[in-house]
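Chemist: With the sequence up front, the predicted model follows.
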Amino acid sequence: MSESNIALVEVLSKTTWTPNLFSFTVSRPDSFKFTAGQFVRLGVNPSKLRYHLEAGNNAPDEDIFRAYSIVSSPFDEVLEFFSIVIPDGAFTSELQHLQVGDTLLLNTTPFGFLTLARYQKPLPKDLWLLATGTGLAPFLSMLQDLQTWQDYEHIILAYSARSKDELAYLDKIQTLQEDFGSLVDNPAKLIFIPIVTREKMAGALHARLPTLLLNGDLAKAAGVELDTDSAHIMLCGNPEMVEDTKETLKSMGFVMNRRGEGNIAVENYW
Ligand SMILES: Cc1cc2nc3c(=O)[nH]c(=O)nc-3n(C[C@H](O)[C@H](O)[C@H](O)COP(=O)(O)OP(=O)(O)OC[C@H]3O[C@@H](n4cnc5c(N)ncnc54)[C@H](O)[C@@H]3O)c2cc1C
Ligand SMILES: NC(=O)c1ccc[n+]([C@@H]2O[C@H](COP(=O)([O-])OP(=O)(O)OC[C@H]3O[C@@H](n4cnc5c(N)ncnc54)[C@H](OP(=O)(O)O)[C@@H]3O)[C@@H](O)[C@H]2O)c1
């Protein structure tokens, strides 16, 4: 893909969740517009990072681009992103060294159809958002848009990570529950279901999403019936999770969303 419409953006903050997970905010170009759920192409030039400049290293002078979902809402003044670190990954092995004041490249064309606008009205009662790992990002953006809260009776966010320390944004999710819940006069509207698969965590489920769908544990934890007439379902993250969960949902009678109709919409991260 050629990189046109490139803007320089400045890193404004960085939050480290674990050695392999971090978030950061960058300045938002005035003209840049997007819809909650979309992604952009972010670029890093290793030779321009302070980390390399201060170490006097000859890091490669090349622009490396990758797709990143936007965490922040379309109404925010800054853009926020949530990133994995893949130790030998061309992009994230560099991006992990980001410091406040560093500069990144942003292709200001937003991409992607994992947006709520893809669903035709009339909308069903419930919205199920199922994420693994950094696949949480587009759902956080949607959950900061009041329209999402006004459009559905229940919003169920299920977020699966290997270990409890890899569940990021827990405070933010609680704040969203409280703040938007009170704006729509329903503090119980957002039902959050953490899932931790490789260790036990109090209050979290402990199996993969397809298992939890088939055995009914996800619906039971949500306290909401999951049926084909009442649910829009979005999947984001690990492509194997997306495939396995999609097939499981199809076996339960759900259908892919096409031309606005149907339950399931998906986005694969690799
Ligand atoms: C539409 C879309 C949106 C994306 N949004 C995000 C995002 O918001 N945050 C983010 O961290 N990544 C996101 N990605 C993945 C991102 O584009 C890069 O793949 C990632 O930054 C790793 O780049 P890399 O060059 O270091 O490794 P790559 O060479 O790109 O990937 C190497 C391997 O790392 C694994 N991997 C890649 N990305 C992830 C990930 N996010 N979580 C777990 N394992 C991964 C896969 O096994 C992959 O084959 C998105 C990808 C797509 C297609
Ligand atoms: N070395 C480490 O300690 C370490 C730790 C974390 C990540 N990583 C690296 O980071 C990358 C990905 O890590 P990640 O944790 O973000 O993503 P991940 O492997 O996709 O795991 C995130 C969540 O997705 C679940 N999942 C994976 N495949 C699934 C499927 N087919 N169906 C349903 N759920 C599924 C995982 O469950 P399961 O636990 O059952 O797989 C886990 O709960 C990998 O390249 C990995 O090597 C390394």
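Modeler: Looks like it came in fine. Ligands and ions are numbered 1, 2, ... in the order given.

Chemist: Every contact and neighbour count from this point should use C-alpha atoms.
Modeler: Will do.

Chemist: can you map out the strands along the stretch 51-200 of the chain?
Modeler: 64-69, 78-84, 103-111, 126-132, 154-161, 190-196 (DSSP state E, counting those that start in this stretch).

Chemist: Let me know which of these is the nearest to Glu54.
Modeler: Nearest to Glu54, of all the strands of the stretch 51-200 of the chain, is strand 103-111, at 14.8 Å by CA to CA.

Chemist: Against which helices or strands is the closest one packed?
Modeler: strand 6-18, strand 39-44 (3 or more CA pairs under 8 Å, 6 or more residues apart in numbering; DSSP states H and E).

Chemist: related to what we said a few turns ago, so can I have a markdown table of the strands of the stretch 51-200 of the chain showing mean pLDDT?
Modeler: A markdown table is the format used below for the strands of the stretch 51-200 of the chain (pLDDT from 0 to 100):
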| stretch | mean pLDDT |
| --- | --- |
| strand 64-69 | 98 |
| strand 78-84 | 98 |
| strand 103-111 | 97 |
| strand 126-132 | 98 |
| strand 154-161 | 98 |
| strand 190-196 | 98 |
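
Chemist: With distance to ligand 1 and mean neighbour count added, can I get those strands in a markdown table?
Modeler: Shown next, in a markdown table, are those (distance: least, CA to the nearest ligand atom, whole Å; neighbours: other CA atoms under 10 Å):
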| stretch | distance to ligand 1 | mean neighbour count |
| --- | --- | --- |
| strand 64-69 | 4 | 19 |
| strand 78-84 | 3 | 21 |
| strand 103-111 | 8 | 20 |
| strand 126-132 | 8 | 23 |
| strand 154-161 | 10 | 23 |
| strand 190-196 | 15 | 22 |
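
Chemist: Figure out which of those strands is closest to ligand 2.
Modeler: strand 154-161 (3.6 Å; CA to the nearest ligand atom).

Chemist: Can you name every helix or strand that that closest one contacts?
Modeler: If contacts are counted by 3+ CA pairs under 8 Å, 6+ apart, strand 154-161 sits against strand 126-132, strand 190-196.

Chemist: got CSV for these, with distance to ligand 2 too?
Modeler: Formatted as CSV, these follow (distance: least, CA to the nearest ligand atom, whole Å):
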stretch, distance to ligand 2
strand 126-132, 4
strand 190-196, 6
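
Chemist: Let's have those strands in CSV, adding distance to Val266.
Modeler: Below are the helices and strands packed on strand 154-161 laid out as CSV (distance: least, CA to CA, whole Å):
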stretch, distance to Val266
strand 126-132, 10
strand 190-196, 19
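
Chemist: Turn the strands of the stretch 51-200 of the chain into CSV, columns for distance to Glu247.
Modeler: Formatted as CSV, these follow (distance: least, CA to CA, whole Å):
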stretch, distance to Glu247
strand 64-69, 24
strand 78-84, 26
strand 103-111, 25
strand 126-132, 14
strand 154-161, 18
strand 190-196, 20
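
Chemist: To Val26, which of these lies closest?
Modeler: Among the strands of the stretch 51-200 of the chain, strand 78-84 sits nearest to Val26 (CA to CA), with 5.3 Å.

Chemist: what sits up against that closest one?
Modeler: If you take CA atoms under 8 Å, 6 or more residues apart in numbering as the criterion, strand 78-84 is touched by 20-28, 68-72, 92, 134, 137.

Chemist: Can you list the strands that that strand pairs with?
Modeler: Here strand 78-84 has these sheet partners by DSSP bridges: strand 21-27 (antiparallel).

Chemist: show me what contacts Ser163?
Modeler: Val196, Thr197, Arg198, Glu199.

Chemist: Mind checking which of those residues are buried?
Modeler: For the contacts of Ser163, a burial check counting by 16 or more other CA atoms under 10 Å picks out Val196, Thr197.

Chemist: nearest to Gly223, of the contacts of Ser163?
Modeler: Val196 (19.2 Å).

Chemist: So the closest one sits against Ser160, correct?
Modeler: Yes: using CA atoms under 8 Å, Val196 is in contact with Ser160, at 5.8 Å.
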